[in-house]
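Colleague: Got a predicted structure plus its sequence, pasted below:
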Amino acid sequence: MIPAKRTLILAATVFATLCLATGLALAEDTVQILDGKAVKGYIIEETEDYILIRLSSGDIQEINWDIIDWVKRGPAFDLEFKGRWEKTKNADADELFKLGLWCEDRGHPDKAADCFRRTIEVNPNHYVAREKLGHLFHEGKWYENIKDYYAARGYVSYKGNWIPKEDKEKYEAGLVKLDDGTWISKTKLAEMKKRPKPVKPVKKDPKKQPKPATKKPWKRQKRDDAFYEDFSGEVPWANRHRYESKHYMIESNCSMKHIKRYAKMLDAVYQKYCKTFGKPASPRKCQVRIYARQQQMGRGGGVGGFYGGGRVTCYHGKFGGTGSTQTVLFHECTHQFHDMVAGIRRAQIWFTEGLAVFFECSEVDEHGKIHVGVVNKDRLGTVQAGVKSGKYINLETLLRTPQSGFSGRHYAYAWTVLYFLIYTNPGNRKLFNKYWVGVCCGSGERPGSPRFKEMIGIPLQDLEDCWKEWVQILGKNDLPEEVEKKSKEFFKNYKKKK
Ligand SMILES: [Zn+2]
């Protein structure tokens with residue numbers, strides 16, 4: 001078992017890159033990597049084998065001593081906090097708030113709360129600082145405790161829940177509230193339950209039906225901007241909903257309409273995870289937090305979401321030019337599922353991120369059906385251009401690249417390799433399974449010693465040659481069905497040529 005503390009926290013491509021950039025301003029410990037890169041942050045754990053460092057984004061990176069050149073330590077927390085606090089005499093609200101986040105990231109919630117209280121002294125309408133302190137907003141006024149807030153809304157406490165005053169009176173009169181909001185007496189409800197239910201027409205098992213010769217085509221989906229720009233029904237974080245779907249436990253302060261849509265897409269992608277990774281031996285509900293707004297997440301502007309401590313955290317909205325909460329959920333929940341079934345740290349970064357991007361590209365069609373294996377235009381462009389020019393990342397290098405050196409370009413390459421392995425050819429799929437069962441679910445591997453290479457039983461160069469040619473046949477707008485067809489044709493001809 002891998003202790004929870006050592007769980008690797010991985011953020012998606014852009015996220016990780018931007019986190020590192022914003023981390024510099026607040027960082028105090030520096031870990032210099034042998035390849036010349038420096039990781040700045042706050043060292044939270046050290047063992048004989050590795051260092052755990054917390055970046056300002058909250059992400060935790062594990063760095064093996066094998067690849068560390070030297071470590072420079074900043075002043076201890078108390079000392080540094082004292083210095084920073086003394087400098088806040090004339091600070092504005094945002095500076096005070098940032099100091100609060102800085103404390104929070106280092107595991108000092110009390111000091112963080114002090115900073116947030118100072119923040120609202122300077123700016124009483126600092127929304128996020130108020131949220132952090134658990135204050136609630138109603139009709140132009142902030143409430144510091146939940147009782148006053150509900151009193152102002154005309155709610156009363158009843159059997160552990162806050163409900164409208166008139167509802168309490170009805171409950172006490174012995175009435176029952178139905179899902180559609182109507183009230184009936186308990187005796188009437190009992191009568192209703194006794195009535196025989198209408199018999200449903202027997203549905204034929206779709207699995208037993210002969211499959212139609214051609215699959216129904218579906219259209220590539222555009223991001224549903226209207227949905228991601230809709231904040232109606234948002235509640236303060238302190239009053240967030242807890243919604244249990246079949247496989248997920250979602251906490252969110254979005255409206256129930258939003259939450260149910262997310263739950264549906266998550267349960268659908270979960271089925272796809274099971275198909276790829278196998279069903280978890282001891283399944284448990286996966287924890288997901290969705291903040292209604294990016295600022296409430298309390299992270300930098302470039303962070304779409306992250307996986308850590310067993311939980312996926314993200315916000316409702318658009319992310320970058322084409323991304324959205326859906327993209328972020330599909331990516332981060334891949335890490336979560338991977339971690340649940342096998343322990344994410346056993347696999348190498350190229351594999352974990354390649355997988356996450358593979359699922360991140362999935363689309364939900366107009367009928368709510370999920371499609372995996374959708375081509376990502378930009379990432380494909382990166383790899384095709386690289387291969388064409390001969391300046392590409394070869395497989396040997398990709399397999400050896402540690403997390404600290406993993407860039408956006410690496411994500412693109414890792415995605416095509418995973419796509420190639422999972423989706424295109426039964427022989428490749430066998431290689432994937434071999435590595436997954438033998439290494440990812442087994443003893444794991446250390447950075448820099450690619451066991452994948454030993455496991456596959458064929459020269460890595462042969463695989464690379466084939467992958468390089470295959471990448472070139474893909475079209476940027478291909479649907480998975482088209483990739484499947486093209487790949488079939490490709491492997492038939494490739495075999496003949498050899
Ligand atoms: Zn990731």
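Modeller: That came in fine, so what should we check first?
Colleague: Distance of residue 82 relative to residue 103?
Modeller: Per C-beta to C-beta, to the nearest Å, residue 82 is found 12 Å from residue 103. C-beta coordinates here come from the backbone N, C-alpha and C atoms, glycine included.
Colleague: Could you check which of those two is surrounded by more residues?
Modeller: Shown here are residue 82 and residue 103; by other C-beta atoms under 10 Å, residue 103 has more neighbours (22 against 11).
Colleague: Residue 189: which element?
Modeller: Using DSSP states H and E, residue 189 maps to helix 186-194.
Colleague: and the very next helix or strand once past that helix, how far out from the chain's middle?
Modeller: Next helix or strand after helix 186-194 toward the C-terminus (DSSP H and E): helix 225-228. On the basis of C-alpha atoms, centre = their mean, to the nearest Å, helix 225-228 sits 19 Å off its chain's mean C-alpha point.
Colleague: Tell me the strands beside the helix or strand that helix 225-228 is followed by, with direction?
Modeller: With elements assigned by DSSP H and E, the helix or strand that comes after helix 225-228 is strand 241-244. Strand pairing for strand 241-244, determined by DSSP bridges: strand 248-252 (antiparallel).
Colleague: Could you chop the protein up by domain?
Modeller: As given by automatic domain parsing, the domain ranges for the chain are 4-72, 77-134, 147-185, 236-497.
Colleague: Distance to the ion and mean pLDDT added to those, as a markdown table?
Modeller: Converted to a markdown table, those look like this (distance: least, C-beta to the ion, whole Å; pLDDT from 0 to 100):
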| stretch | distance to the ion | mean pLDDT |
| --- | --- | --- |
| domain 4-72 | 4 | 62 |
| domain 77-134 | 19 | 87 |
| domain 147-185 | 38 | 84 |
| domain 236-497 | 4 | 90 |
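Colleague: so what's the nearest residue to residue 486 once chain neighbours are set aside up against?
Modeller: Leaving aside its sequence neighbours, residue 486 sits nearest to residue 473 (C-beta to C-beta, 6 or more residues apart in numbering; 5.3 Å). With C-beta atoms under 8 Å, 6 or more residues apart in numbering as the criterion, the residues that contact residue 473 are 486-487, 490.
Colleague: can you put the residues you listed in TSV and add distance to residue 226 and neighbour count?
Modeller: What follows is the contacts of residue 473, written out as TSV (distance: C-beta to C-beta, whole Å; neighbours: other C-beta atoms under 10 Å):
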residue	distance to residue 226	neighbour count
486	34	16
487	35	20
490	39	19
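Colleague: Out of these, list just those in helices.
Modeller: 486-487, 490 (DSSP state H).
Colleague: From those, pick the one nearest residue 404.
Modeller: Nearest to residue 404 among these: residue 487, at 33.6 Å, using C-beta to C-beta.
Colleague: Would you agree the closest one is in contact with residue 426?
Modeller: No: using C-beta atoms under 8 Å, residue 487 makes no contact with residue 426, being 10.8 Å away.
Colleague: Can you pull the residues that touch both of those two?
Modeller: By C-beta under 8 Å, 6+ apart, no residue touches both residue 487 and residue 426.
Colleague: list the buried ones in the strand ranked longest in the chain?
Modeller: Ranked by residue count under DSSP state E, the longest strand found in the chain is strand 38-46. Buried residues in strand 38-46, counted by 16 or more other C-beta atoms under 10 Å: 39-43.
Colleague: and if you look at stretch 225-243?
Modeller: Neighbour-count burial for stretch 225-243, with 16+ other C-beta under 10 Å as criterion, is recorded at 227-228, 230, 234-237, 240-241, 243.
Colleague: Find the pair from the residues you listed with maximum spatial separation.
Modeller: Distance extremes for the buried residues of stretch 225-243: the farthest pair is 227 and 236 at 21.5 Å, using C-beta to C-beta.
Colleague: returning to what we had before: out of the buried residues of stretch 225-243, the closest to residue 112 would be?
Modeller: When the buried residues of stretch 225-243 are ranked by distance to residue 112 (C-beta to C-beta), residue 237 comes first, at 15.3 Å.
Colleague: if I pick that closest one, what's in contact with it?
Modeller: Each residue near residue 237 by C-beta under 8 Å, 6+ apart is listed here: 131, 253, 291-292, 296.
Colleague: if you set the cut-off to 6 Å instead, what comes out?
Modeller: Counting by C-beta atoms under 6 Å, 6 or more residues apart in numbering, residue 237 makes contact with 131, 253, 296.
Colleague: Relative to residue 168, how far out is it?
Modeller: Taking C-beta to C-beta, one finds residue 237 at 25 Å from residue 168.
Colleague: now swap in residue 378 and tell me
Modeller: For residue 378, the distance to residue 168 - C-beta to C-beta - is 55 Å.
Colleague: ok, the two, which is more surrounded?
Modeller: Regarding residue 378 and residue 168, a neighbour count based on other C-beta under 10 Å identifies residue 168 as having more, with 16 against 11.
Colleague: contacting residues for that one?
Modeller: 156, 158.
Colleague: can you give me how far the one helix or strand it maps to is from the chain middle?
Modeller: If you go by DSSP H and E, residue 168 is part of helix 165-172. Centre-to-centre, helix 165-172 and its host chain are 41 Å apart (C-alpha atoms, centre = their mean).
Colleague: The helix or strand following it packs against which elements?
Modeller: Counting by DSSP H and E, the element after helix 165-172 in chain order, helix or strand, is strand 175-177. When contacts are defined as 3 or more C-beta pairs under 6 Å, 6 or more residues apart in numbering; DSSP states H and E, strand 175-177 sits against strand 183-185.
Colleague: which residues sit against the strand it packs on?
Modeller: Strand 183-185 has contacts (C-beta under 6 Å, 6+ apart) with 170, 175-177.
Colleague: What is the most widely separated pair among these?
Modeller: Comparing every pair within the contacts of strand 183-185 by C-beta to C-beta identifies 170 and 176 as the most remote, at 8.8 Å.
Colleague: what about the strands in the stretch 301-450 of the chain?
Modeller: In the stretch 301-450 of the chain, the strands defined using DSSP state E, counting those that start in this stretch lie at 305-308, 311-315, 318-319, 323-324, 363-364, 370-371.
Colleague: and those strands, which is most packed in?
Modeller: Most buried of those, by mean neighbour count (mean count of other C-beta atoms under 10 Å): strand 305-308, with a mean of 25.
Colleague: Check which residues of the helix holding residue 189 are buried.
Modeller: So, applying 16+ other C-beta under 10 Å, helix 186-194 has no buried residues.
Colleague: Extract the CA atoms of stretch 235-252 and return them as PDB.
Modeller: What follows is stretch 235-252, C-alpha atoms only, in PDB (Å, rounded to 0.1, in the frame of the first residue of the first chain):
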ATOM      1  CA  VAL A 235     -25.500  28.800  -3.200                       C
ATOM      2  CA  PRO A 236     -22.700  29.800  -0.800                       C
ATOM      3  CA  TRP A 237     -20.100  27.100  -0.400                       C
ATOM      4  CA  ALA A 238     -21.100  26.600   3.200                       C
ATOM      5  CA  ASN A 239     -24.500  25.600   2.000                       C
ATOM      6  CA  ARG A 240     -23.200  23.300  -0.700                       C
ATOM      7  CA  HIS A 241     -25.100  20.300  -1.900                       C
ATOM      8  CA  ARG A 242     -23.900  16.800  -1.400                       C
ATOM      9  CA  TYR A 243     -25.100  14.600  -4.200                       C
ATOM     10  CA  GLU A 244     -24.400  10.900  -4.500                       C
ATOM     11  CA  SER A 245     -24.500   9.400  -7.900                       C
ATOM     12  CA  LYS A 246     -23.900   5.700  -8.700                       C
ATOM     13  CA  HIS A 247     -20.100   6.100  -8.400                       C
ATOM     14  CA  TYR A 248     -19.400   9.600  -7.200                       C
ATOM     15  CA  MET A 249     -20.000  11.700  -4.100                       C
ATOM     16  CA  ILE A 250     -20.200  15.200  -5.400                       C
ATOM     17  CA  GLU A 251     -20.000  18.300  -3.200                       C
ATOM     18  CA  SER A 252     -20.900  21.500  -5.000                       C
END
